[in-house]
Structures are given as structure tokens and as C-alpha cells.
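Undergrad: A predicted structure for the sequence below; I have some questions about it.
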Amino acid sequence: MSISVHAPGLLDRERIVAGPGFSRWLVPPAALCVHLCIGQAYAFSVFNLPMTKLIGITQSAPNDWKLTQLGWIFSLAIVFLGLSSAATGSWLDRVGPRKAMFTAACCFGGGFLIGALGIHLHQLWLIYFGYGVLGGCGLGIGYISPVKTLITWFPDRPGMATGMAIMGFGGGAMIAAPLSVSLMAAFSSPSHMGVAETFVILGIGYFCFMCIGAWIVRVPAPGWKPAGYVPPAKSSGLITTDNVHVAVAWRTPQFWLLWWVLCLNVTAGIGVLGQASAMAQEMFPGRVTALAAAGFVGLLSLFNMGGRFFWATASDYMGRKVTYCVFFVLGMVLYALVPTAGGIGDGGGLALFVLCFVIIISMYGGGFSTIPAYLKDVFGVRYVGAIHGALLTAWSAAGIFGPVLVNYMRQYLLDNGVPKAAAYDETMYIMAGLLLIGLVCNLLMRPVHHGHVIVEDHLASDMIGDRP
Amino acid sequence: MTTPGRPETAVGVKLVVFWLLVAIPLLWGVANTIGDAAKLFR
């Protein structure tokens, strides 16, 4: 490590080493400040319809943007979430969580402001660049920024700690959707949709809230451990006490097995999330109205958020491998039950249908929140932030693959004369098949070969606040 | 961050303030969503 004569800057890792008396329970709110903001991404669709009428106001004018064009904004953001988390993971591990959170705040808040300019000037490329590219980078950096810090503060309960933060990502959409609708209503007029102003308010608001997280966050002092916690003396099962460098980790079969575990779990869930409203209405025609279907989507959001905390916490007791086995086996059973629920058709069938999907979606959320602790178990704490960042490319891939699979499969079946209500049955069986592949990947997980572990001397640099 | 010289209550106050800071908007969002979800059962 180079020796600097300068005092550490406000954003530097050295500046945020916790002193005696600091409560580690202040770190989850810091992480939540960031995740509650970036979770807004899942509520971006509330802007889609108003943005198709920016010129025509009451209805789309010929020069107004089309929904297909606007759909790329969210897709770009998710792609850049994966790319930026993979590209900046090592940097984040080096500079610490405060600088990373502040950078994420600048990118995410700045993305909204550039997007607002794009709406004001009616230049779609500015929104692609602002919210899609810059905001997407804010999503990626913000998503991984508190993960390693939380794992280091909670070595006794890493699943619960990351589950709390990633639960915030699920909850962020629940805040953003009604907030955005209210703001657009407040700023709209007979000649104006109020979207640009809403973007400005959200951009400034999210920037400030994320900065509070950056202000609160601390890293533990070297050698710190929770009172009464005795770290395991040696590796046991999949849980290692060693560390694998990120540059080595992504070349191991374990990394790619976990990549597919996450990708397939997300693919199965994300494909259904986007179709939930239509699926409920078409499988139970006459029983589920558009309003009730919206309620179903709300219920899924609640279980998506709750599952992130519940399953990640449960994994601290059950073990990560067992937890993912539960996701895949139970997921397969529930997906296979959905066509049966549709076949029953009455109130009991609808209740079974809802029960299946709320559990499936809770496991979809749980897959996101349990993976950082799984990575920590397999590759060690030291580079878990960077490795987690690299693994999130699986999310980007699933974000594209999942909806495409469901939509194209459904269209293919409809084109071949399958009734609407039955068109989802085949899709459910395909989802169950994907989960079976995920189960095999999970069962193939073994401890990392000892040759991949880095020796302690190589860890000497940049260790402030890092040692578990 | 507290130093040994500061009273313990400072940490307690910080905990309450910062947890409320994240809990209030989250609970507002959850309450809204529960309101939506209730439509499924009407």
C-alpha cells in the first residue's frame, strides 16, 4: 500500500472506520437508504403511459414516443446495472462503501435530471443515456455498495444482513409507484403531463436520501468481531475461512454454477412477474377483473419484498445450498400445480393459484438476497463485493431471457390454436424445467479447490475495516 | 459514531432516528400496496 501524507478525504474508507461504541445496527439503515431509492427501477413503468402522451396530452400524437421505444429505457437500465456492478466491484472493494454510495447517488440522481432534460427537449436519446445508462450505473454500484460491508459487520448472520438491504430494493418500487403518480398529478395541467418535473424532484430526492446512507455507513475496525462471536477455525463443507481473488473466482466452476443458479431462479420468476396481471385474468376469466389482477400484482410485490428478508435469514440456519434446493424443488412443484389450479377454476382454484405464485415470488426475491451470503461462504469475505458484482450479469441476462421466453412461448402456442386460458400451462412446465437445471447446478456445488485460495501475505494491502 | 466520552444514549437516538427514516417511507409504500392487494379479495 502506498503511504500517503494527506489526511483521508471525506469519502475515503479510512475516514469511515467505526470507533468504539458504534452500533452495527446503524449499517442496515444506511444500506436501506440506498436500496429503497434504487428499487424505484421496478416502478419505472408508471411513467410509460404518460410519456406516450407528452405532446398529445389526452392521447398520443404522431410525434409522441411509442411504448416499444420507451421499453428500452428500463431494459438499458437493467443491462447497465449488471455491466456496472461487474466493472466496478473491485474498485468498490478498494475505496469502501461511502465513496461507492456517493457515486451511485450522483449517477442515479443525475440520471433522473438528464432524463428530465430529455423529456423537456423531447429527445429520447437523452433519456436512454440519462436514466438508462447513467441511472443504470447508479443501480449497479448502489446495489452492491453495502453488501460486503454488511457481511463484514454481521459475520454471524450474513444472510439476514444482506436480506435486510436487498429487501429494500423490493420495497423501493412500492414507495416509488404511488409517489411518482402523486407527483405527476400535482405537476400536470391541461397542457402538460408533469413528467419532467417529477423526474427533477425524484432525482434530487433520491440523491439526498442516498447521501444520508453514505454519511451513516461505517466499516468495522481491523480485527473487529461481534461480542461473543467465535469465527470458525477452519473451513467446513461449502463454508470457507479462506479468500479467493475475484480474478480467480470467475474462472472457477463454482462461480459459473452459481451464475446459472441465480440466472435460472430469476428467469423463472421474472417471466411470471411481467405476465401476472394478464395471466390471472386469462386463467380465471370472469372471476378476476382488471382491478383484482392489479391487487394480485400488489400481493406479489409484498411477497417479493418479504421473501428477500425471510429466505436470506432462513439461509443462516438452513445453509445456502439447502435454501436454494428448497427454492428449486418447491418452485418446480408449485409451477407444476399452476395448471391444476387453472383447471379447478372455482374459488378453490384461484386460492391455489394465488398461493402458488406468492410462494414462487417470495423465492424469486429470496434468490437475490441469499446469493451474497452464498458467495461469501464459497469464496470468502475479502472479494465478495467484486464477485457479487460480476455475478449480477446473471440478472441482466435473466432480465432479457425471462420475459422473452414467456412472451414468445405464449405467442407460439396461441398461433397454434391453443386456448388463451391453457396457453400458460406449457410455460409453467418450461419454468419447472428451468428450475430443474438450476437444482442440478446447485447440487454440483463443491468447495473451491485449495489451489485457488490466496495466501494471507497477498491480503496485506488495503485491509482497513476488512477483516471479519 | 460515538467515542467513549459520549453518552450511550447518543447511539440509541441515532438508531431510532435512522431506522425511522427508512421505516416510515417503507411502511407507507407497504400500506399502499396492501390497499391494492386487498382488491383481489373484494
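TA: Received it, and whenever you're ready, just let me know what you need.

Undergrad: Mind listing what's buried along the helix or strand hosting residue A:254?
TA: According to DSSP states H and E, residue A:254 maps onto helix A:253-273. Across helix A:253-273, burial judged by 16 or more other Cβ atoms under 10 Å in any protein chain shown covers A:254-255, A:257-273. Backbone N, C-alpha and C define where each C-beta goes, glycine included.

Undergrad: cool, stretch A:209-220 as well?
TA: Using 16+ other Cβ under 10 Å as the test for burial, stretch A:209-220 gives A:209, A:210, A:211, A:212, A:213, A:214, A:216, A:217, A:218, A:219, A:220.

Undergrad: show me the contacts for the residue lying closest to the third one once chain neighbours are set aside.
TA: What sits nearest to residue A:211 in space, not counting adjacent residues and going by Cβ to Cβ, 6 or more residues apart in numbering or on different chains, is residue A:105, at 5.3 Å. Residues counted as contacts of residue A:105 (Cβ atoms under 8 Å, 6 or more residues apart in numbering or on different chains) are A:34, A:37, A:138, A:142, A:206, A:207, A:210, A:211, A:214.

Undergrad: what's around the first one, how many residues?
TA: As a burial measure, residue A:34 scores 33 neighbours (other Cβ atoms under 10 Å in any protein chain shown).

Undergrad: which strands and helices sit next to the stretch of helix or strand it belongs to?
TA: Per DSSP H and E, residue A:34 falls inside helix A:27-38. The contact analysis (3 or more Cβ pairs under 8 Å, 6 or more residues apart in numbering or on different chains; DSSP states H and E) places helix A:27-38 against helix A:97-121, helix A:135-144, helix A:147-153, helix A:158-187, helix A:195-216, helix B:9-37.

Undergrad: any idea which of the ones you listed is most buried?
TA: Mean neighbour count (mean count of other Cβ atoms under 10 Å in any protein chain shown) peaks for helix A:135-144 among the helices and strands packed on helix A:27-38, with a mean of 30.

Undergrad: just checking, what packs against it?
TA: helix A:27-38, helix A:67-95, helix A:97-121, helix A:384-391.

Undergrad: hmm, try it at 10 Å
TA: Helix A:135-144 sits against helix A:27-38, helix A:67-95, helix A:97-121, helix A:158-187, helix A:195-216, helix A:384-391, helix A:393-415, with contacts defined as 3 or more Cβ pairs under 10 Å, 6 or more residues apart in numbering or on different chains; DSSP states H and E.

Undergrad: quick check: angle from the helix or strand of chain A with the lowest mean pLDDT to helix A:393-415?
TA: Ranked by mean pLDDT, DSSP states H and E, the weakest helix or strand in chain A is helix A:276-283, scoring a mean of 79. With axes from the mean of the first three to the mean of the last three Cα atoms, to 10 degrees applied, the angle from helix A:276-283 to helix A:393-415 works out at 30 degrees.

Undergrad: May I see the buried residues of helix A:276-283?
TA: So for helix A:276-283, counting by 16+ other Cβ under 10 Å, buried means A:276, A:277, A:279, A:280, A:281, A:282, A:283.

Undergrad: Quick check: what element follows that helix along the chain?
TA: helix A:290-318.

Undergrad: do that following helix and chain B meet?
TA: Yes - shown here: helix A:290-318 in contact with chain B (Cβ under 10 Å from any Cβ of the partner chain) through A:290-303, A:305-306.

Undergrad: From those residues, list the buried ones, please.
TA: Listed as buried from the residues of helix A:290-318 next to chain B are A:292-303, A:305-306; burial here means 16+ other Cβ under 10 Å.

Undergrad: Export those as JSON lines, with columns for distance to residue A:387 and pLDDT.
TA: Formatted as JSON lines, those follow (distance: Cβ to Cβ, whole Å; pLDDT from 0 to 100):
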{"residue": "A:292", "distance to residue A:387": "42", "pLDDT": "83"}
{"residue": "A:293", "distance to residue A:387": "39", "pLDDT": "83"}
{"residue": "A:294", "distance to residue A:387": "38", "pLDDT": "80"}
{"residue": "A:295", "distance to residue A:387": "39", "pLDDT": "82"}
{"residue": "A:296", "distance to residue A:387": "36", "pLDDT": "87"}
{"residue": "A:297", "distance to residue A:387": "33", "pLDDT": "84"}
{"residue": "A:298", "distance to residue A:387": "34", "pLDDT": "84"}
{"residue": "A:299", "distance to residue A:387": "34", "pLDDT": "88"}
{"residue": "A:300", "distance to residue A:387": "30", "pLDDT": "89"}
{"residue": "A:301", "distance to residue A:387": "29", "pLDDT": "87"}
{"residue": "A:302", "distance to residue A:387": "30", "pLDDT": "91"}
{"residue": "A:303", "distance to residue A:387": "28", "pLDDT": "94"}
{"residue": "A:305", "distance to residue A:387": "25", "pLDDT": "93"}
{"residue": "A:306", "distance to residue A:387": "27", "pLDDT": "95"}
